[in-house]
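In: Build me a model:
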Amino acid sequence: MILVDTSVLIAFFKGVENEKVNKFVEVIKNNIPFGINNFIYQEILQGAKTEKEFNLLREYLGTQKFYDLKHGIKSYENAAKLYLKCRKKGITIRSTIDLLIAQTAIENNLYLLHDDRDFSLLAQVDNRLKEY
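Out: All right, here's what the predicted structure looks like:
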């Protein structure tokens, strides 16, 4: 199962052709289970330029599988620990949301399909984050 990050979904919706979007197209074509989380949902919706686009995105994304953090406040502590683990290695992750997306993938044992350098850095520091 795959968690599809905002970075891939935005490129897909814009019709961009790149390696990550092509992987996502293959996921769709091969009926490989995938989903998003609440943070990805919010990031995509906030990028809408019009009410019509917002409603279209909301309608489409509302049909997707949603994965949640599983351990309440402990999940947020663990995401903060990911940040600390990276900082100890001299890596600064730029987005709190990215840490929460990574934590969602880890807790749900999902592969993360992304096009974001921070996730690659996170995966180098913590091998529980599996990249697709």
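
In: just the strands in the chain please.
Out: Listed from the start of the chain, the chain has strands (DSSP state E) covering 2-4, 34-36, 65-66, 111-113, 130-131.

In: Using TSV, lay out those strands together with mean neighbour count.
Out: In short, each C-beta sits where N, CA and C put it, glycine included. Shown next, in TSV, are the strands of the chain (neighbours: other C-beta atoms under 10 Å):
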stretch	mean neighbour count
strand 2-4	23
strand 34-36	19
strand 65-66	12
strand 111-113	21
strand 130-131	14
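
In: In JSON lines, list these along with mean pLDDT and distance to residue 43.
Out: Formatted as JSON lines, the entries for these read as follows, by pLDDT from 0 to 100; distance: least, C-beta to C-beta, whole Å:
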{"stretch": "strand 2-4", "mean pLDDT": "98", "distance to residue 43": "12"}
{"stretch": "strand 34-36", "mean pLDDT": "98", "distance to residue 43": "9"}
{"stretch": "strand 65-66", "mean pLDDT": "98", "distance to residue 43": "14"}
{"stretch": "strand 111-113", "mean pLDDT": "98", "distance to residue 43": "14"}
{"stretch": "strand 130-131", "mean pLDDT": "98", "distance to residue 43": "19"}
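
In: Can you tell me which of the ones you listed is nearest to residue 91?
Out: strand 130-131 (15.6 Å; C-beta to C-beta).

In: Which elements pack onto the closest one?
Out: Contacts of strand 130-131 with other secondary structure elements, assessed using 3 or more C-beta pairs under 8 Å, 6 or more residues apart in numbering; DSSP states H and E, are made with strand 111-113, helix 117-125.

In: Show me which positions of the helix ranked longest in the chain end up buried.
Out: Longest helix in the chain by number of residues, with DSSP state H as the criterion: helix 73-88. Residues of helix 73-88 classed as buried under the neighbour-count rule (16 or more other C-beta atoms under 10 Å) are 75, 78-79, 82-83, 86.
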